[in-house]
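Peer 1: sequence? don't have it. structure:
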Ligand SMILES: Nc1nc2c(ncn2[C@@H]2O[C@H](COP(=O)(O)OP(=O)(O)OP(=O)(O)O)[C@@H](O)[C@H]2O)c(=O)[nH]1
């Protein structure tokens, strides 16, 4: 790697709205530079998207990095692509990947134009002072409107249309020009090879055999195998046992030097030792640590329980193993009288939660029940403030004797980009989700008969309103044309209460919810109806109620039935009769008894799976 001084290195990222073609472009770049073999036609699987769930959903969850070698003007350049995920939940991963780059390709689908995330990633990149190369993709498609979208990029980002590259990541058309632009327009990293070692740890992976593998960007100095290094954050010391570049798989090298991006293995046993944003230095040569990163903040919490309570330890073990590769998930134990022993997990967002659940099911074959997601609420008492992320711990604020001063909920600043035709629908949707400071402006004026003008709607929304179903409602009410992005907007006072559901007058803890008082009737009624349709009938009449404090908000009654399992048998076959009774007894054991009501664990699964 000593052949590549800083002047010949370029570190860049591809930033784009979801589905605008980032992974496809990354594959083309790797092929063009000979880093990977061109794939036989027909295989659609992308090289950089490694997780199974990423392939199934076609999204990038975990950022991947690859180095490639490109010859330009007779000189070999080392181009380091730092891939970034493309979903709102993972904004933090985008920011941390960008910290290791000097430039970014801003990729925009020329059939769709600027979308909500195009704007947010653009701002992150600009704030970090990155050189931005604008690229219009999918120009092979008949619906492509490059001139119009170029004008949109000019008005939205102040980008000169002449600087925009026009490509098709699918056919490869124009992709060469990107390699040239990377070398010409993006500045090389500005480190010193001879200076004391200073490396930024920007990502980590977990390898079953070698332990933690850290992805680093060497800002200054040179790192070799066998070097003794230390973390500025933990002060722990390590010896580098292996290092190299991602090409795109790990390729060991003898050294890594300033400006380069690669991986190291250094007998870190536990992935919690690899702090993203940490600065590594040589033992005995301390350096000023680089500005760290925001630690991840869980914004959506849910309880996860095994369907069969005997599987708890297995489930916990699976969760632990998964969090080794995704440390943005927080885990604590929790127990519920209805669902038994489980774990309470904190996620960055709802997609993150879905991805985690799917990985758990795919990779660990776990059958799990997930409780309704909750956001972290602030409960302000006279003498202290408590963050509550589990509805069962939420105080009775309706009780006049309670010493709760106020309750606050997290809010987000949302932006939605939508064609003019759907503006009214989207405004309605926002209002029905308690939007505030609603405003809109136009991004462009449309192009006559073929397409309408596009507006950007901005507002604040309570986070709890967007964790369930908001995104799919947005998509269906705009026929898929609206795009959505948000950033944290702090906390605001809110009129909230805990809703509990009673079965035969006994509360079911796992179903407790925190609701806004304006929606309590509607939510209470809907849930009670749903419980009524799912809970199996019992030998006696069972009231199903929704309550806030002592007040019953909604009620349904489950009528009684007689479950005589032997009724269909006439006459004397005693063994058959005994067997049926035995079966009944055995299946009873798997039931949960709540207020004398028998509930199979599966019923909870049905209740909670569709919100
Ligand atoms: N016709 C055409 N299709 C393209 C082009 N580039 C990408 N696509 C298709 O667009 C879809 C999305 O592309 P991806 O590369 O998966 O998009 P992405 O931006 O990586 O998506 P995330 O990883 O989820 O952020 C895929 O079906 C691609 O085959 C292009 O230039 N032309």
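Peer 2: Yes, it's here. Everything numeric in this text was worked out from a predicted model, so none of it was measured. Residues are numbered from 1 along each chain as shown.

Peer 1: geometric centre of the protein: which residue is closest?
Peer 2: Closest to where the C-alpha atoms of the chain average out (C-alpha atoms, centre = their mean) is residue 352, at 3.1 Å.

Peer 1: where do the domain boundaries of the chain fall?
Peer 2: What automatic domain parsing lists as the domains of the chain is 6-185, 198-282, 300-370, 391-493, 497-609.

Peer 1: which stretch among those comes nearest residue 385?
Peer 2: For residue 385, the closest of the domains of the chain is domain 391-493, at 8.7 Å, according to C-beta to C-beta. For the C-beta atoms, the positions are set from N, CA and C on the backbone; glycine is no exception.

Peer 1: and the closest one, how far out from the chain middle?
Peer 2: 18 Å (C-alpha atoms, centre = their mean, to the nearest Å).

Peer 1: apart from its neighbours in sequence, what residue is nearest residue 35?
Peer 2: residue 68 (4.3 Å; C-beta to C-beta, 6 or more residues apart in numbering).

Peer 1: quick check: that neighbour is in a strand.
Peer 2: Yes: using DSSP: H, G, I helix; E, B strand; the rest coil, the secondary structure at residue 68 is a strand.

Peer 1: so it touches residue 79, yeah?
Peer 2: Yes: proximity of residue 68 to residue 79 meets the contact threshold set by C-beta atoms under 8 Å, at 5.1 Å.

Peer 1: for the residue of the stretch 451-600 of the chain found nearest the ligand, give its distance to residue 469.
Peer 2: Across the stretch 451-600 of the chain, the shortest distance to the ligand (C-beta to the nearest ligand atom) belongs to residue 483, at 12.3 Å. Distance, residue 483 to residue 469, by C-beta to C-beta, to the nearest Å: 17 Å.

Peer 1: between these two, which one's more packed in?
Peer 2: residue 483 (26 against 14; other C-beta atoms under 10 Å).

Peer 1: quick one: contacts for that one?
Peer 2: Residue 483 makes contact with 17, 115-117, 416-418, according to C-beta atoms under 8 Å, 6 or more residues apart in numbering.

Peer 1: and if you look at residue 259?
Peer 2: 4-6, 9, 11, 188-191, 218.

Peer 1: give me that answer again for 6 Å
Peer 2: For residue 259, the contact set (C-beta atoms under 6 Å, 6 or more residues apart in numbering) comprises 6, 9, 189, 191.

Peer 1: going by distance to the ligand, which of the residues you listed wins?
Peer 2: For these, the nearest to the ligand is residue 9 (24.4 Å; C-beta to the nearest ligand atom).

Peer 1: hang on, the closest one packs against residue 78?
Peer 2: Yes: taking contacts as C-beta atoms under 6 Å, residue 9 lies within contact range of residue 78: 4.9 Å.

Peer 1: pull out the buried positions in stretch 163-182.
Peer 2: If you call a residue buried by 16 or more other C-beta atoms under 10 Å, then stretch 163-182 has these buried ones: 164-169, 174-175, 178-179, 181-182.

Peer 1: between the domains of the chain, which gets nearest to residue 384?
Peer 2: Among these, the nearest to residue 384 by C-beta to C-beta is domain 391-493 (10.1 Å).

Peer 1: re earlier: and the domains of the chain as a markdown table, adding mean pLDDT?
Peer 2: Shown next, in a markdown table, are those (pLDDT from 0 to 100):
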| stretch | mean pLDDT |
| --- | --- |
| domain 6-185 | 84 |
| domain 198-282 | 88 |
| domain 300-370 | 82 |
| domain 391-493 | 87 |
| domain 497-609 | 79 |
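
Peer 1: so which strand or helix has residue 173?
Peer 2: Counting by DSSP states H and E, no helix or strand carries residue 173.

Peer 1: what sits closest to it if chain neighbours are left out?
Peer 2: Distances taken as C-beta to C-beta, 6+ apart put residue 167 closest to residue 173, at 6.1 Å, once the chain neighbours are dropped.

Peer 1: from the ligand, how far off is that neighbour?
Peer 2: To the ligand, residue 167 is 7 Å away according to C-beta to the nearest ligand atom, to the nearest Å.

Peer 1: phi first, then psi, for that residue.
Peer 2: phi -140, psi 170 (degrees, to the nearest 10).

Peer 1: can you pull out the helices in the stretch 351-500 of the chain?
Peer 2: Under the criterion DSSP state H, counting those that start in this stretch, the stretch 351-500 of the chain contains helices at 423-432, 463-466, 470-477.

Peer 1: looking at those helices, which is buried most?
Peer 2: helix 463-466 (a mean of 22; mean count of other C-beta atoms under 10 Å).

Peer 1: residues touching that one, excluding its own?
Peer 2: Against helix 463-466 from outside (C-beta under 6 Å, 6+ apart): 375, 410, 412, 433-434.

Peer 1: between those, which is nearest residue 395?
Peer 2: Checking the contacts of helix 463-466 against residue 395 by C-beta to C-beta gives residue 375 as the nearest, at 16.4 Å.

Peer 1: tally of neighbours for the closest one?
Peer 2: 21.

Peer 1: next one: residue 393
Peer 2: Using other C-beta under 10 Å: residue 393 sits among 13 other residues.

Peer 1: assign residue 218 to helix, strand or coil.
Peer 2: Three-state call for residue 218 (three-state DSSP): strand.

Peer 1: so which residues of the chain form helices?
Peer 2: Under the criterion DSSP state H, helices of the chain are mapped to 22-32, 52-57, 91-98, 116-127, 146-157, 175-185, 312-325, 350-364, 423-432, 463-466, 470-477, 520-534, 574-589, 601-609.

Peer 1: other SSEs contacting the last one?
Peer 2: This means helix 601-609. strand 368-370, helix 520-534 (3 or more C-beta pairs under 6 Å, 6 or more residues apart in numbering; DSSP states H and E).

Peer 1: turn those into TSV, columns for mean neighbour count.
Peer 2: Output for these, formatted as TSV (neighbours: other C-beta atoms under 10 Å):
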stretch	mean neighbour count
strand 368-370	22
helix 520-534	16
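
Peer 1: would you turn these into JSON lines with distance to residue 230?
Peer 2: Below are these laid out as JSON lines (distance: least, C-beta to C-beta, whole Å):
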{"stretch": "strand 368-370", "distance to residue 230": "40"}
{"stretch": "helix 520-534", "distance to residue 230": "53"}
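
Peer 1: which one of those lies closest to residue 253?
Peer 2: strand 368-370 (41.9 Å).

Peer 1: partners of the closest one, with directions?
Peer 2: strand 300-306 (antiparallel) (DSSP bridges).

Peer 1: what about the partner strand, distance to the chain center?
Peer 2: That offset, for strand 300-306, works out to 15 Å (C-alpha atoms, centre = their mean).

Peer 1: now do stretch 268-280
Peer 2: Taking mean C-alpha positions (C-alpha atoms, centre = their mean), stretch 268-280 and its chain are 21 Å apart.

Peer 1: which residues does it contact?
Peer 2: 96, 199, 201, 204, 206, 211-212, 214, 229, 231-233, 289-290, 292-293, 324, 327.
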